[in-house]
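**Q** only the shape, not the letters, is given here:
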């Protein structure tokens, strides 16, 4: 995995899609510049999850954008996705790596500085610093890092970092200025009338803030 693949990291959310197909939202977003896609599904049968992952792989293949599966190592394995993103209460990293092998991307969410130090001893591909700001799309999170906390997290981490929680056009520039490699976006793209335009605008903000 390359650090720049974290620049604009789309995380899907069917509940926010307004009845639109996830495949269409993802396609528009990558056309607008999204650099990585995480398929997050909490209320779906395993078979349907795998089939959706396979469809998204076909959507993403022409763009060379990696597909990451949220939480479900079994779905990532079955669909031959590019990797998995796990949280602190999910399958332990060492076990996920053993199952998926050395070539798959594994991202790990961290919710405090102690977890960042622990992650430094692991060969994860990136960490998701979560949450930077409070967000309605994820309510079971720890206290927000804030911008200064994110800056410290970036300095502490030996791994690439992606900022999670409250990422949108209003916060992106300040977040990128902390030195993080990218932002993980949910509602700012999924809820947008034009996911393509929303992605283009976010990528422009990111590019200016990181130059």
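**A** Here it is on my side, so go on. Since the structure is predicted, the reported quantities are computational estimates derived from the model, not experimental observations. Residues are numbered from 1 along each chain as shown.

**Q** who touches the lengthiest strand in the chain?
**A** With secondary structure taken from DSSP state E, the chain has its longest strand at strand 105-110. Contacts to strand 105-110, defined as C-beta atoms under 8 Å, 6 or more residues apart in numbering, come from residues 1, 66, 68, 82-88, 93, 96-97, 100, 116, 119, 122, 124-130, 153, 162, 164. (Each C-beta comes from the backbone N, C-alpha and C, glycine too.)

**Q** for residue 36, grab the count of nearby residues.
**A** Using other C-beta atoms under 10 Å, residue 36 has 28 other residues around it.

**Q** for residue 197, which non-adjacent residue is closest in space?
**A** Nearest non-adjacent residue to residue 197, counting by C-beta to C-beta, 6 or more residues apart in numbering: residue 32, 6.5 Å away.

**Q** same thing with residue 111?
**A** Residue 111 sits nearest to residue 142 (C-beta to C-beta, 6+ apart), 3.9 Å away.

**Q** report the separation between residue 48 and residue 131.
**A** To residue 131, residue 48 is 28 Å away according to C-beta to C-beta, to the nearest Å.

**Q** over to residue 68?
**A** Relative to residue 131, residue 68 is positioned 18 Å away (C-beta to C-beta).

**Q** for residue 79, same thing?
**A** Counting by C-beta to C-beta, the gap from residue 79 to residue 131 is 27 Å.

**Q** so where's the protein uncertain?
**A** Scanning the chain for pLDDT under 70 picks out 136-141.

**Q** so where do the strands sit in it?
**A** Applying DSSP E to the chain gives strands spanning 8-11, 36-39, 67-70, 83-86, 105-110, 126-129, 161-164, 182-185.

**Q** can you give the strand pairings for the first one, parallel or anti for each?
**A** In this case it means strand 8-11. Looking at strand 8-11 with DSSP bridges, its partner strands are strand 36-39 (parallel), strand 182-185 (parallel).

**Q** returning to what we had before: neighbour count: residue 79 and residue 131, which is higher?
**A** More neighbours surround residue 131 than the other of residue 79 and residue 131, with 25 against 21 (other C-beta under 10 Å).

**Q** spatially nearest residue to that one (excluding sequence neighbours)?
**A** Counting by C-beta to C-beta, 6+ apart, residue 165 is the residue found nearest to residue 131 once chain neighbours are left out, at 2.7 Å.

**Q** neighbours of the one you found, just the number please.
**A** 23.

**Q** just to revisit the earlier point, neighbours of the residue nearest to residue 197, how many?
**A** Neighbours of residue 32 under the rule other C-beta under 10 Å: 22.

**Q** right, and it touches residue 198 too?
**A** Yes. Between residue 32 and residue 198 a contact is recorded at 6.9 Å, counting by C-beta atoms under 8 Å.

**Q** so what touches stretch 132-151?
**A** By C-beta under 8 Å, 6+ apart, stretch 132-151 touches 13, 16, 111-112, 129-131, 153, 163-167, 171, 174-175, 178-180, 186-187.

**Q** no further queries at this time; thank you.
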